[in-house]
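Trainee: sequence isn't available, so here's the structure alone:
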């Protein structure tokens with residue numbers, strides 16, 4: 001199962017001040033906000049899920065072009 005690393009604040013242009021972890025339906029894996037993608041990916045893997053990282057600032061989970069597997073980003 002995939003978990004999305006969503007940049008925060010969600011749906012805004014401008015600086016990213018953290019990352020949240022969400023399932024495809026928008027339910028959060030945890031309420032914690034992570035300061036970096038690396039820490040967010042580590043948490044997802046620790047919980048046994050597969051992380052997806054955003055390719056764009058304003059994300060849409062239904063658009064596969066907006067996401068890449070964490071391994072592909074390295």
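Mentor: Structure's in. What do you need? This structure is a prediction, so every number in the text was calculated from the model and none was measured. Numbers count the residues shown, from 1 in each chain.
Trainee: show residues contacting stretch 46-63.
Mentor: 1-7, 10-13, 16, 22, 24, 26, 29, 37, 40-41, 44-45, 65-70, 73 (CB atoms under 8 Å, 6 or more residues apart in numbering). C-beta here means a position set from N, CA and C on the backbone, and glycine is covered the same way.
Trainee: quick one: terminal-to-terminal distance for it?
Mentor: Start-to-end span of stretch 46-63 (CA to CA, to the nearest Å) is 26 Å.
Trainee: and for stretch 48-65?
Mentor: End-to-end distance for stretch 48-65, by CA to CA: 24 Å.
Trainee: equivalent analysis for stretch 44-59, please.
Mentor: End-to-end distance for stretch 44-59, by CA to CA: 19 Å.
Trainee: buried sites along it?
Mentor: For stretch 44-59, the neighbour count (16 or more other CB atoms under 10 Å) marks 44, 51-54, 59 as buried.
Trainee: circling back to that earlier point, looking at the contacts of stretch 46-63, which are in helices?
Mentor: 37, 40-41, 44-45, 70, 73 (DSSP state H).
Trainee: ok, now how distant is the residue lying farthest from the centre of the chain from residue 8?
Mentor: Distance from the centre of the chain peaks at residue 14, with 16.8 Å (CA atoms, centre = their mean). According to CB to CB, to the nearest Å, residue 14 stands 11 Å off from residue 8.
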